[in-house]
Structure formats: structure tokens, C-alpha cells
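S.K.: pasted the sequence and its predicted model underneath.
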Number of protein chains: 2
Amino acid sequence: MGLGPGDQQLQTPGALAVLENCDVVVGYRGYIDQIANLTSGKELVSMELGQEMDRAARAVDLAYQGRSVAVVSSGDAGIYGMAGPVFRVLTDRDWDGQTPSVEVIPGISALQSAASLLGSPLMQDFCAISLSDLLTPWETISKRLAAAALGDFVVVLYNPRSRRRTWQLPEARRILLEKRSGETPVGLIKDAYRPGQRVIITNLEKLEERAEEVDMFTTVVIGNSTTYTHNGYMVTPRGYEEKVTSN
Amino acid sequence: MGLGPGDQQLQTPGALAVLENCDVVVGYRGYIDQIANLTSGKELVSMELGQEMDRAARAVDLAYQGRSVAVVSSGDAGIYGMAGPVFRVLTDRDWDGQTPSVEVIPGISALQSAASLLGSPLMQDFCAISLSDLLTPWETISKRLAAAALGDFVVVLYNPRSRRRTWQLPEARRILLEKRSGETPVGLIKDAYRPGQRVIITNLEKLEERAEEVDMFTTVVIGNSTTYTHNGYMVTPRGYEEKVTSN
């Protein structure tokens, strides 16, 4: 687990070693195709998007049969990734915690690739919030957005907008604006470290005009009350006092 | 930037390439020593802990002189790491955003190595909170803890406890207990992926008894209301509905 396909500069030796040593690779078809150069000679189980629990069940079946299985996840398998479905299936089957043995290999998550392209937005406390209300009721998500605003967290939005889910991002913006200035910097990072990468810096007020540029491959980073922009970069000072003394 | 010293399985090719191609390596003495095998032939500027702004200023000076400089940071340089001081120094000097050119190479942060060793705790919205009140007033930190509790975020605590800062962790526990059950799973990960690594799973109620085992090399992961433990692992289901249907 934990191989970010396509982002060669971000692949860790740990993830590559797992791929090298496994018998079977299980994953979403698009990812399996992207890492074809790393899987020659392996049995491949490629499945469709949205079947995470099925993919996990298949991987666990094979592991119980004694096969060494690698489950591919984009970003970090441990952050909204395939580690979840796999542990869920294992615990539902009353796994003894030892056989099959399971290892999660951390990778670079969207919040990190986004932050690295924006400057230094994550120098103070932050939270990650997924705007997908497929598995979490919007009421819970909305409560989290309000709490994030209250706590003055830097906020990273995962799954901000898809063709069908278009009202969640404007609603998130509205909730944050209740506590945060319209001038709060916002970074939109599209296809980070992939062909067509785009980095847009705007603010909470103007986010409304840019919303149509946001899709499922975009990560949205919203600054806290101390975040500022400087010539195309987004900077959160490490501390409040630091800002007071130097600005 | 972004090389996690000591954690060879987590080093990305991007970070290694930067080290390979730079003229000068700037960093905390301990880290510079740990990556001695990767820096032969390089000019080394090793400085003491706590001098982050000085290290950044030194790196920026050298970059303005036309040298190619790598700044070493543990974990992810973009998460509470050296990217902050570097961008801070650059913006204070009215950097034009282009010369010197700056690249942040993301790495594996403590929240990820901790999560990977615990199972799948970060499958729902989470926040990272540093308990160090050196640069952030405790009042702000305490407000964030309360907000995190209110939003039912999984909470990852950075810098939970040092020899001098011992009351912050019990206080964080007290604040979270106002909204969260004493049975909420808590993972303590000490020296992740390093010699002496320890993984302890306890709960919010019993955290008090384990507090003395927590130090600056420990990351604390506190579950949300749906997180459960299973034979030594900590699992947050991906969604509330998922829990309802399968448990």
C-alpha cells in the first residue's frame, strides 16, 4: 500500500519494495495501469472505482489463502485511503491481528503535495475535511467546518467538488466566512505533480468565482487568520508572536 | 528539504535528488550527522536545535549568493517544518518569488508514520495540533482542542510533552474528555520507524497513567467517536453509515 502512482518523485523505497516482493497487486484499474512498469510478472487484480470494500475483501481473501498481496492506493493509503477498507474487512472477519500480517506504507497525501506547491501554509495547526457526503452525513461535515472555523485551523479540503456534488464547496465557504475574513488566502492545487498541474492563489471572498475550476483532482487549502500571500506563495507564520514582531 | 533522516524506507527520490545536486546542506546538527552517508563532498552547515530562524537565514543568504542549498528537515518540511522559517525569511527580505528559486519536497510526517503503525485511524476528518506553547499562546491551543472535540475530529498531537512541558498533555486530555468518552482509543507512537520504536494503544481515560511514557519523540493519535480497537490496532471506519450497517 501507499504507492502514489504517477508521482515518481514521491514514491518511497518502502512502497517499491512491497511491490517488488508481492505475488498479487490489487487496485483500482486506473492506478494498476499507471504502474504497469513496476508490476511485470505479478498477478494483477484491477477493479473499478467506488468498489473499495470489494477490492479490500478480494485482497483479504487472497492474503488468507497465503498469497502476498499489495493493495495500491493513491496519496497516503492511511489518509482516506485503502488502509481503511482493508482494516475494516479484517476486523469484520475477526482477524487475530497477526495472520495475515498487514503493513501500511505511508505515502505523500494530497495535503502535502498541495502545501509543498503553495509555499508553507501548514506551519500551524490544521485539519483535513472531506466534502464528500457519500459516507458521512452533511450535518457532520458542516459541524466540522464550523468547528474548524472556530479553532482558527488552516483547513485542507479533500473531494471539494465533482460533477454531481457542486453545492458543498460554496456552502463550506459560507460557513468559514462566518468566522474568517474574505481576504483569507485560499490555494487551489489541481493535478499536483502530474501533467497539467495548476496552482491558483485566491481568497475566500473570490473563491466563489473560481469554484468551477475545482474538481475531484483539486485540493483546496484555506489559510488561518495569520496566513498571508507573497508573490504567488502562501505563508502561515509559525506563531502568532512571530507575526506580531516581524510584520 | 523534506528528507526524513534515519527513515530510509520513507526517503523519496525527490529528496535524495536534491541532496545529490546541491552545493551546501544546512540543518540541525543531529540530522546532518544522521545523513552523513548522503552528503559526501558537500559543504555542511550544521547548527543547533531551536535556531530555526537562524538556519533559514543562513540558507537564504547562501542561496542569494548563488549557491544551491538543501535545507534538511525531519518528517515533512511543509508540516511544522523548515519550509516555514525559510519562507518567512524570504518574505521578510521582499523575495521576488523567483530568485532564488525554492522547492519544497514533501516527506512523511509524524502523523503518517504514526497512523501507519496503528492501523487505519485517519479514515475520517482529522486535525493536527501542536501542544508546544513556545510560539503559540496556550489560550489559542486550548481553543483548538475544544474546537477539535466539538467537531469530532480524529486528533493528532505533535510535541505532546517534554521535560519542561508536562501539564499540557493532561490539560488536552481534560478538554477532549468534555466531549469525548473515556473509552475513546488513543495511540502513542514513540520513535516511529527508528530503533526502539514503541506502539501503545490505550484510551482517553487511561492516558493519564501513560503520560510519563510520552516525550518529544512521541506522537499521540486520539480517535473520534466511531474509532475502535481490534487486537492491537486502531480503526476509524470511513463513514458513520458504514459503522451502522456492519456493527
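M.R.: Yep, that arrived.
S.K.: part of a helix, is A:Gly27?
M.R.: No: judged by DSSP: H, G, I helix; E, B strand; the rest coil, A:Gly27 forms no part of a helix; its state is strand.
S.K.: name the nearest residue to the residue nearest in space to the middle of chain A, ignoring sequence neighbours.
M.R.: By CA atoms, centre = their mean, the mean C-alpha position of chain A lies nearest to A:Ala110, the distance being 4.1 Å. Leaving aside its chain neighbours, A:Ala110 sits nearest to A:Thr219 (4.5 Å; criterion: CB to CB, 6 or more residues apart in numbering or on different chains). In this view, the C-beta of every residue, glycine as well, is placed from N, C-alpha and C.
S.K.: so how far is the host helix or strand of that neighbour from its chain's centroid?
M.R.: Secondary structure from DSSP states H and E places A:Thr219 in strand A:218-222. With CA atoms, centre = their mean, to the nearest Å as the basis, strand A:218-222 stands 10 Å off its chain's centre.
S.K.: can you check stretch A:41-53 too?
M.R.: Mean-position distance between stretch A:41-53 and its chain equals 20 Å (CA atoms, centre = their mean).
S.K.: and for stretch A:163-175?
M.R.: Stretch A:163-175 has its C-alpha centroid displaced from the chain centroid by 18 Å (CA atoms, centre = their mean).
S.K.: list the buried residues for that stretch?
M.R.: Across stretch A:163-175, burial judged by 16 or more other CB atoms under 10 Å in any protein chain shown covers A:Gln168, A:Leu169, A:Ala172, A:Arg173, A:Ile175.
S.K.: what does stretch A:76-90 give?
M.R.: Using 16+ other CB under 10 Å as the test for burial, stretch A:76-90 gives A:76-90.
S.K.: quickly note the distance from the residue nearest to the centre of chain A to A:Ala192.
M.R.: Distance of A:Ala110 to A:Ala192, computed by CB to CB, to the nearest Å: 7 Å.
S.K.: again with A:Thr202
M.R.: Distance, A:Thr202 to A:Ala192, using CB to CB: 17 Å.
S.K.: in terms of neighbours, single out the busier of the two.
M.R.: Remark: of A:Thr202 and A:Ala192, A:Ala192 carries more neighbours, 25 against 17, as counted by other CB atoms under 10 Å in any protein chain shown.
S.K.: now name the helix or strand holding the closest residue to that one other than its chain neighbours.
M.R.: Nearest residue to A:Ala192, sequence neighbours excluded (CB to CB, 6+ apart): A:Ser113, at 3.9 Å. With elements taken from DSSP H and E, the one containing A:Ser113 is helix A:110-118.
S.K.: hmm, back to that, give me the common contacts of A:Ala110 and A:Ala192.
M.R.: Shared contacts of A:Ala110 and A:Ala192, defined by CB atoms under 8 Å, 6 or more residues apart in numbering or on different chains, comprise A:Thr219.
S.K.: ok, back up a step: partners of the strand holding A:Thr219 in the sheet?
M.R.: Sheet pairing of strand A:218-222 (DSSP bridges) gives strand A:154-158 (antiparallel), strand A:185-190 (antiparallel).
S.K.: the inter-axis angle of the helix or strand following the longest one versus helix A:110-118?
M.R.: So the one you mean is strand A:185-190. Once the chain leaves strand A:185-190, the next helix or strand it forms, by DSSP H and E, is strand A:198-203. Angle, strand A:198-203 to helix A:110-118, by axes from the mean of the first three to the mean of the last three CA atoms, to 10 degrees: 80 degrees.
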